[in-house]
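*Asks:* The following comprises the amino acid sequence and a computationally predicted model.
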Amino acid sequence: ELQGLTSNQNRLLYLIDLHAKKAEDREGSDRWVRKQALSVLIYEGVVAGIFDYDYAPQSALIENRRVWINISQEGQSDIEFLREEELINALIVSSKSFKPVVLYQVSDKGSELLLRVGRSEKEIVNSFAHKPNSRELLTVTWDGKCYWLESSTGYRKRSTTTDTEDVSYVCSAYIPHCLRYGGRPTLSNAHRAHECGQPGLDSIRDNNLEEIITLNSVSIIVAEYIPFGANQIVQLNNNIGSTERVQGGYISNIVDGDSSGTALELSPELTAVEILDYTQTNHINFEASIRFREDAGVVQVESFGVSLNAEGTCFYGMQLEAVMNRIKDNISLDHLSRILVDVQQDSSSIVDSVISQYQRDLLELVFIGDAPNRNKINLIIANEITPHLTAGEYMDRGEYENEFKQVIGDTKAAYDISEQDSLIFGSQGLLVCGPHARDHEPLLCGYLQFITLDLFLQNFFSRIWILNGDLKASINIVESIEYDPLALNMARERLTTLSHEIILFDEILGYLGEALEMMEIPPEPPEQSGRSLYQRLEITGMKDQLVRRVKDVKKNMSASQRNLDLLRERVQVESQNKTDRLSMELEKNTKKLCSLQASNGDTSRSLKILQTIFAGMIAFDILDRVTGEWTVIDTEWMEEFVDTVIRRHMLVWFALSILTWAISAYLVSRRNFIVDWRSRGMTTLSLTVNRKIDVSVLREIILEKEKTTEERHYEGKKQIVKITYEESPPVEWGGTSPLVTLEYDEKNNFFLEMLIQYNRREARKDLVLSADELKQKLIHEFENRGVFVKSDDYSENALAIEKRRSLVESVQDADATIFDERD
């Protein structure tokens, strides 16, 4: 130890110093390391044996996606200790999704302490923090699905922090008695507890799990709020056959696209449902048995007790019969944390199979396409906890508190509700343990009603901020309509999408208000422990707080609606402006066309007259060559013919002149016909491109061509350039060179249109190019030369749901690429 710090803390401080540095001068910039990235590095250090920590899966929000990642609570505790000792500084900023982001940097005090840390300690950290056999620091990157450790030279290593571990367990369906309304009791799987007792039936990579706290006779209740109503309960009862003679069966959320066909093929991973009790419009309780595929060697017998209520609270309960080789009792919190991952994920699969498509759409909207991974509240009830301590002793900022964080998140408070019963609050749930813990189930379930709605309201409020961000980004797109040819259609599509989202948000608000009206505050229990728990849960003020928050969200929604109206007006104005500009351009072009038409008519008529006169002039010139000052007529051998044929017959010479004229006119006309026939073999290809370009690269290409014309038009924020050039050499184009006209916006880097004129009758018949070949050849040249660039303008202003869709597609493409490489 050095200066009161443990070896783990010294190594952690040095790891932060590697990734975060202070600026050397005012012109430089500070570098901070993000908390999430540091958690990944700590996990990798645990796996590499650098840190003597435990880790457990925990739900985290990464770029608006909720992901289960392995986090060391002991490592997080040491970070907090370093902050308390002022050895590291913390910085809080806001992300694009309006979530707080915490960053760390070693303080001056910490830097002084690092000078006294031994070289051997630093080298141990360097061995895993850098690329193997080098000093290239590995940084953490996120690809939408998993984390990677990357170096500056391209070295990559996938982190297993997102690979949650499985343990074998057997559980039975469990629904608290206060939620039951008759019907048979849930079935027990206690007789199957021995199935998970074989050694090695888990995928835990840490072989040195340190078990500090264990629980006996554990019940788990995972709860969440889903927008429900009386009609949704009626439809749910009909869907799963509550009113039929033979109730329940297998369920799936697969949509049958050919319901009139003979058979349907689907995955064998299904959920079996058996109805316990229900009322037509208020609730339904059923037992669900999971038949999902698990990792090889892992045995999981899962049965859920599911209770769905009209106010929207959904309970998923299970009673642990055995975990690994431990029957009923001595359940480790390390193992329990891994079981909770399965419970959270599988409960989403169960309820998503039975609720309506409309409800699934609402959840997908609120959780931005990531509804299967939505967060829920954990309630853990145990008959006994070992060691049994007072609440103050549990909150030790050390090993006990770190253990609780694995299952209920960051601990907030702990209370003794009686001499034998304890209550621990966490950010993701609560733990109640003691011999009388189950006596408080009605009070705890009443609390879950409000706390789950509170959690949903937090997600809903964050989603409203994201909606406002989408509205602001949409206004930025509207402002670019004047010069961006794609902006108008994009703005209209976004307007439709945002209008639909706001309609659904307004409906969700209606469900929230109705749920608060239906939820009742449970009465205060008469016994002392019950009154103590009632006071600690603070249920009485929770409902009033939720009512005020719903009203507050309604104000935000009203403002979003007004912003949408403003956006709609802006789109209409810009659309009208664009229509007016097009009308003006059309009017100008029409006038030009009328003028050109009249001029072309006069020119055509004059040309025909000139062609006729020109033919006669040629004919007469030919005769003049014959009958000039010296001609063959003056010769003796021709004199007799001229006297007898031409001079004695006055019309012969005239006829001969007319005949020569006719022959000359025919030859000229034939030549014009051939030229005209070739000109009618022109293939004209007009292509609207509307893509972002690198103007400098396009200029380089144009300079290599034989440019014929260049036109420039300056208007407001646009600088339109129209270039016409002839391609060369002709042999590459089938024997004739096409004439290419490019139109682009030089100021805004937009390739607008392209016109290709290609005379196929001048090309060789066996080498002539089709319209598609012309387009592909020219586009291929531009793409190879790097003319077209990928624009980030639209990705930055993309809607939240579009970003999620793009992220999912990129992850799927990456997975497909990896799969192909393996093959």
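*Replies:* Right, received. Where do you want to start?

*Asks:* just the helices in the stretch 201-350 of the chain please.
*Replies:* With DSSP state H, counting those that start in this stretch, the ranges of helices along the stretch 201-350 of the chain come out as 230-239, 333-354.

*Asks:* just how off-centre is the longest one within its chain?
*Replies:* Mean-position distance between helix 333-354 and its chain equals 24 Å (CA atoms, centre = their mean, to the nearest Å).

*Asks:* And that helix, what's buried?
*Replies:* 333-344, 346-354 (16 or more other CB atoms under 10 Å). From N, CA and C alone the C-beta is placed, and that goes for glycine too.

*Asks:* So which residues make contact with stretch 249-256?
*Replies:* 240-241, 264, 266, 270-273, 352-354, 357, 360 (CB atoms under 8 Å, 6 or more residues apart in numbering).

*Asks:* Filter the residues you listed down to the buried ones, PyMOL style.
*Replies:* Selection of buried members from these for PyMOL, criterion 16+ other CB under 10 Å:
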select buried, resi 240+270+271+273+352+353+354+360
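
*Asks:* Just send the helices of the stretch 201-350 of the chain back as JSON lines, with mean pLDDT and distance to residue 402 too.
*Replies:* Listed next are these as JSON lines, based on pLDDT from 0 to 100; distance: least, CB to CB, whole Å:
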{"stretch": "helix 230-239", "mean pLDDT": "88", "distance to residue 402": "41"}
{"stretch": "helix 333-354", "mean pLDDT": "90", "distance to residue 402": "10"}
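
*Asks:* could the ones you listed go into TSV alongside distance to residue 545?
*Replies:* Output for the helices of the stretch 201-350 of the chain, formatted as TSV (distance: least, CB to CB, whole Å):
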stretch	distance to residue 545
helix 230-239	26
helix 333-354	26
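
*Asks:* Quick one: closest of those helices to residue 550.
*Replies:* Closest to residue 550 of the helices of the stretch 201-350 of the chain is helix 230-239 (CB to CB; 19.3 Å).

*Asks:* so what secondary structure elements neighbour that closest one?
*Replies:* Applying 3 or more CB pairs under 8 Å, 6 or more residues apart in numbering; DSSP states H and E, one finds that helix 230-239 contacts strand 283-291, strand 303-309.

*Asks:* worst average pLDDT in those?
*Replies:* Lowest mean pLDDT within the helices and strands packed on helix 230-239: strand 283-291, at a mean of 87.

*Asks:* Doesn't residue 116 belong to a helix?
*Replies:* No. Counting by DSSP: H, G, I helix; E, B strand; the rest coil, residue 116 is not found in a helix; it is coil.

*Asks:* Tell me if I'm right that residue 189 and residue 169 touch.
*Replies:* No. Using CB atoms under 8 Å, residue 189 makes no contact with residue 169, being 10.2 Å away.

*Asks:* May I ask which helix or strand encompasses the closest residue to residue 227 other than its chain neighbours?
*Replies:* Using CB to CB, 6 or more residues apart in numbering and skipping the chain neighbours, the partner closest in space to residue 227 is residue 511 (3.9 Å). Assigned by DSSP states H and E, residue 511 belongs to helix 487-518.

*Asks:* which helices and strands sit right next to that helix?
*Replies:* Against helix 487-518 (3+ CB pairs under 8 Å, 6+ apart) you get helix 357-366, helix 441-479, helix 539-626.

*Asks:* just checking, residue 285 touches residue 178?
*Replies:* No. Look at residue 285 against residue 178 with CB under 8 Å: they stay out of range, at 11.6 Å.

*Asks:* How about the contacts made by the closest residue in space to residue 470 that isn't next to it in sequence?
*Replies:* Distances taken as CB to CB, 6+ apart place residue 799 nearest to residue 470, at 4.9 Å, with adjacent residues excluded. Neighbouring residues of residue 799 by CB under 8 Å, 6+ apart: 470, 473, 494, 497-498.

*Asks:* Redo those as a markdown table? Include pLDDT, distance to residue 32 and neighbour count.
*Replies:* Shown next, in a markdown table, are the contacts of residue 799 (pLDDT from 0 to 100; distance: CB to CB, whole Å; neighbours: other CB atoms under 10 Å):
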| residue | pLDDT | distance to residue 32 | neighbour count |
| --- | --- | --- | --- |
| 470 | 89 | 28 | 24 |
| 473 | 87 | 27 | 16 |
| 494 | 90 | 34 | 22 |
| 497 | 91 | 36 | 15 |
| 498 | 92 | 35 | 20 |
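
*Asks:* which pair in those residues spans the largest distance?
*Replies:* So for the contacts of residue 799, where distance means CB to CB, the most widely separated pair is 473 and 497, at 12.1 Å.

*Asks:* On the pLDDT front, check residue 572 for me.
*Replies:* Confidence for residue 572, expressed as pLDDT, is 90.

*Asks:* got it, and residue 138?
*Replies:* pLDDT, read off for residue 138, is 92.

*Asks:* hey, what's the nearest residue to it once chain neighbours are set aside bridged with?
*Replies:* Leaving aside its sequence neighbours, residue 138 sits nearest to residue 149 (CB to CB, 6+ apart; 4.2 Å). For residue 149, the beta-bridge partners under DSSP bridges are residue 140, residue 157.

*Asks:* Contacts only, for residue 149.
*Replies:* Residue 149 neighbours (CB under 8 Å, 6+ apart): 44, 138-140, 156-159.

*Asks:* out of these, who's nearest residue 29?
*Replies:* residue 139 (16.3 Å).
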